[in-house]
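Enquirer: Predicted model and sequence follow; I will ask about them next.
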Amino acid sequence: MTDQRFTELLGKRLAGEISPKELIELKELLSKSAEHRSEYENLTGYFNDEKPTTNNIDSVFEKIKQQIAVTEPKSIQNIEEPIKRNFVSWYRIAAVIAFCICSFAAYHFFIPDNSAGNNDIKEWKVLQTPSRDKSKIILEDGTEVNLNAKSQLKYPASFSGKTREVYLNGEAFFDVKKDPEHPFIIHTKHMRIKVLGTAFDVKAYEDDSFIETTLVRGLVQVTLNNKPAEKIILKPNHKFTLADKNSVNYTIVPLTYYNSKDSSSNSIMETSWLNDRLVFKNQTFISIARDAERKYGVEIRFNDEKKKDYTFTGKFEKESIDELLNALSYIENFSYKKEGNIIYIY
């Protein structure tokens with residue numbers, strides 16, 4: 001029971017949710033156990049070692065737009081040198097160190113999940129957003145949710161029980177109301193995320209091959225449905241990526257800022273959709289196409305499978321779908337045609 005109480009208090013301490021009385025209790029437990037002191041020092045040192053990470057993607061895309069014939073002037077900016085298709089995916093680079101540290105801390109960090117919060121729910125509601133649209137809702141507990149295009153959120157009209165649980169298909173940004181006694185849990189088809197009070201993004205579309213969780217502040221625990229025994233701890237300003245939904249191999253890397261002079265949350269590339277921006281770095285054409293479908297309300301089909309693997313870097317905000325595709329076609333050799341709401345890439 002002592003070990004379980006220690007992990008509970010440690011989780012609250014790192015999340016900034018511990019009360020003065022609980023802090024005294026934690027100090028007493030630390031004074032009695034060298035093992036607890038060692039774990040406390042390792043974890044607090046890890047979570048306090050914050051180093052700003054800014055990946056600059058300001059550069060030469062202005063030259064590209066000047067050579068593309070479009071009907072309206074464009075405002076493409078802050079784009080890095082284009083990266084060719086044989087470039088290794090950027091988000092894999094920094095995974096090893098973060099993976100090792102998080103794996104060390106993972107299993108003992110949160111208390112076991114033995115609540116049955118859903119049993120007390122009397123009424124469920126569903127919020128859906130179509131293509132080209134976003135929604136914002138404040139849940140009954142004060143949690144704020146921004147729902148991206150082509151997404152669905154299932155939530156209770158009123159939370160009850162020991163936990164606050166919702167279900168997501170698509171992408172949403174959560175700013176969770178602090179309530180240490182009632183953890184907030186987001187369920188997706190392939191994983192769940194458990195938090196205390198925090199701000200983070202979850203991207204879990206059915207038509208994407210990958211799943212992402214981006215943590216802006218606070219503390220979250222990620223559990224894969226295929227590997228429920230492992231509790232993965234995500235550090236603030238980091239991103240968890242499960243590249244293949246059917247595997248258990250994941251990466252944890254720092255967030256990317258598309259403006260090197262702005263390290264605020266408004267410049268985080270992974271949550272750029274909140275500001276109606278389409279931003280990508282060394283991202284595959286097929287992945288960009290899926291995001292573009294949601295932003296522009298179109299369907300993109302590839303007649304040439306090889307072109308799905310092209311990689312691009314760019315930032316688009318007010319540009320049309322034609323301006324986007326014209327810019328990308330200047331970097332890699334492809335053409336497209338539009339038939340109603342469907343765009344064919346060949």
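Expert: Right, received. Where do you want to start? From a predicted model like this one, the values you see are computed outputs, not experimental measurements.

Enquirer: Quick check: buried residues in the longest strand along the chain?
Expert: The strand spanning the most residues in the chain, taking DSSP state E as the definition, is strand 164-175. With burial defined by 16 or more other CB atoms under 10 Å, the residues of strand 164-175 counted as buried are 164, 165, 166, 167, 168, 169, 170, 171, 172, 173, 174, 175. The way it works is simple: take the backbone N, C-alpha and C, and place the C-beta from them, glycine included.

Enquirer: ok, residue 346 touching residue 333?
Expert: No - when contacts are counted by CB atoms under 8 Å, residue 346 is not listed as touching residue 333 (10.8 Å).

Enquirer: Neighbour count: the two, which is higher?
Expert: For residue 346 versus residue 333, the count of surrounding residues by other CB atoms under 10 Å is larger for residue 346: 11 against 8.

Enquirer: returning to what we had before: so what strands line up beside the longest strand of the chain?
Expert: Under the criterion DSSP bridges, strand 164-175 sits next to strand 144-147 (antiparallel), strand 151-156 (antiparallel), strand 184-187 (parallel), strand 199-204 (antiparallel) in its sheet.

Enquirer: if I look at the residue lying closest to residue 149 once chain neighbours are set aside, how far off is residue 170?
Expert: Taking CB to CB, 6 or more residues apart in numbering, and ignoring the residues beside it in sequence, residue 149 has residue 294 as its nearest neighbour in space, at 3.9 Å. If you measure residue 294 against residue 170 using CB to CB, to the nearest Å, the figure is 9 Å.

Enquirer: Kindly point out which residues are neighbours of both of those two.
Expert: With contacts taken as CB atoms under 8 Å, 6 or more residues apart in numbering, residue 294 and residue 170 have 148, 149, 150 as neighbours in common.

Enquirer: Would you confirm that the second one contacts residue 133?
Expert: Yes - in this structure residue 149 lies within contact range of residue 133 using CB under 8 Å: 5.6 Å.

Enquirer: out of the two, which sits in the more crowded spot?
Expert: In this comparison of residue 149 against residue 133, neighbours counted by other CB under 10 Å, the higher total goes to residue 149 at 21 against 14.

Enquirer: ok, now which ones touch the more buried one?
Expert: By CB under 8 Å, 6+ apart, the residues touching residue 149 are 129, 130, 131, 132, 133, 134, 170, 294, 295, 297.

Enquirer: And the pLDDT for it?
Expert: For residue 149, the pLDDT comes out at 94.

Enquirer: tally of neighbours for residue 126?
Expert: Neighbouring residues of residue 126 were enumerated by other CB under 10 Å; the total is 9.

Enquirer: Confirm it sits in a strand?
Expert: Yes - if the criterion is DSSP: H, G, I helix; E, B strand; the rest coil, then residue 126 is within a strand.

Enquirer: just to revisit the earlier point, let's have the shared contacts of residue 294 and residue 170 in CSV, adding secondary structure and distance to residue 235.
Expert: Shown next, in CSV, are these (DSSP: H, G, I helix; E, B strand; the rest coil; distance: CB to CB, whole Å):
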residue, secondary structure, distance to residue 235
148, coil, 24
149, coil, 29
150, coil, 29
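
Enquirer: Tell me the secondary structure at residue 31.
Expert: When the structure is reduced to helix, strand and coil (three-state DSSP), residue 31 reads as helix.

Enquirer: Tell me the confidence at it?
Expert: pLDDT, residue 31: 87.

Enquirer: likewise residue 242?
Expert: 90.

Enquirer: residues contacting it?
Expert: 190, 191, 210, 211, 212, 224, 248, 249, 250.
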